[in-house]
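I'd like to go over a predicted model; first the sequence, then the structure.
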Amino acid sequence: MFKVTPNPPPSDDRALDPQKIQEATDRALDYYLKREDLAAPPSSPKYRPIYVVDPTLDDETLLVEACESLSYAHAMAGNIANSIGGPERKPLLALQQVIMLNELLVNRLLDKLKLPQ
């Protein structure tokens, strides 16, 4: 019978030096587990906020932005509630009412705010 694959080459025990295998293993583990030692870019601080509100903004600007955002949310919730029917509509109408009430609170605070003259 004819054998298609050749016999494997004889094993060379000198190529499998345990010291070299250990060094290669250590290098591989260090590469994947100790990335900071390999001249990686400096890591960023642990706390990095995604959204930052400019701390120099005055109270009026912040309240106006909050009021406008609530107004947009009120309109979106109303549009969605009007486009659906059934039991799903009631929670959306309740959400719209909560948004509207908070918008009124922010508006009242804006009215009471004493602006610098």
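Nice, I can see it. Keep in mind it's a predicted model, so treat the numbers as computed, not measured.

For this protein, which segments count as helices?
Along the chain, the segments classed as helices by DSSP state H run 18-33, 59-83, 89-112.

For stretch 77-88, which residues meet the burial criterion?
77-78, 81 (16 or more other CB atoms under 10 Å). Where C-beta positions appear, they are placed from N, C-alpha and C, glycine not excepted.

list the buried ones in the lowest-mean-pLDDT helix or strand in the chain?
Lowest on mean pLDDT, DSSP states H and E among the helices and strands of the chain sits helix 18-33, with a mean of 84. Using 16+ other CB under 10 Å as the test for burial, helix 18-33 gives no buried residues.

quick revisit: now the helices of the chain as JSON lines including distance to residue 7?
Shown next, in JSON lines, are the helices of the chain (distance: least, CB to CB, whole Å):
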{"stretch": "helix 18-33", "distance to residue 7": "25"}
{"stretch": "helix 59-83", "distance to residue 7": "73"}
{"stretch": "helix 89-112", "distance to residue 7": "75"}
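
weakest of the ones you listed by average pLDDT?
Set side by side, these give their lowest mean pLDDT on helix 18-33, at a mean of 84.

got the CA coordinates for the least confident helix or strand of the chain in CSV?
Taking C-alpha atoms only, helix 18-33 is exported to CSV below (Å, rounded to 0.1, in the frame of the first residue of the first chain):
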residue,chain,number,x,y,z
PRO,A,18,13.8,24.1,28.4
GLN,A,19,15.6,27.4,29.2
LYS,A,20,14.7,28.9,25.9
ILE,A,21,11.1,27.7,26.2
GLN,A,22,10.8,29.3,29.6
GLU,A,23,12.3,32.6,28.3
ALA,A,24,9.9,32.7,25.4
THR,A,25,6.9,31.9,27.7
ASP,A,26,7.9,34.7,30.1
ARG,A,27,8.3,37.2,27.2
ALA,A,28,4.8,36.3,25.9
LEU,A,29,3.2,36.6,29.3
ASP,A,30,4.9,39.9,30.0
TYR,A,31,3.8,41.2,26.6
TYR,A,32,0.1,40.4,27.3
LEU,A,33,-0.1,40.9,31.0
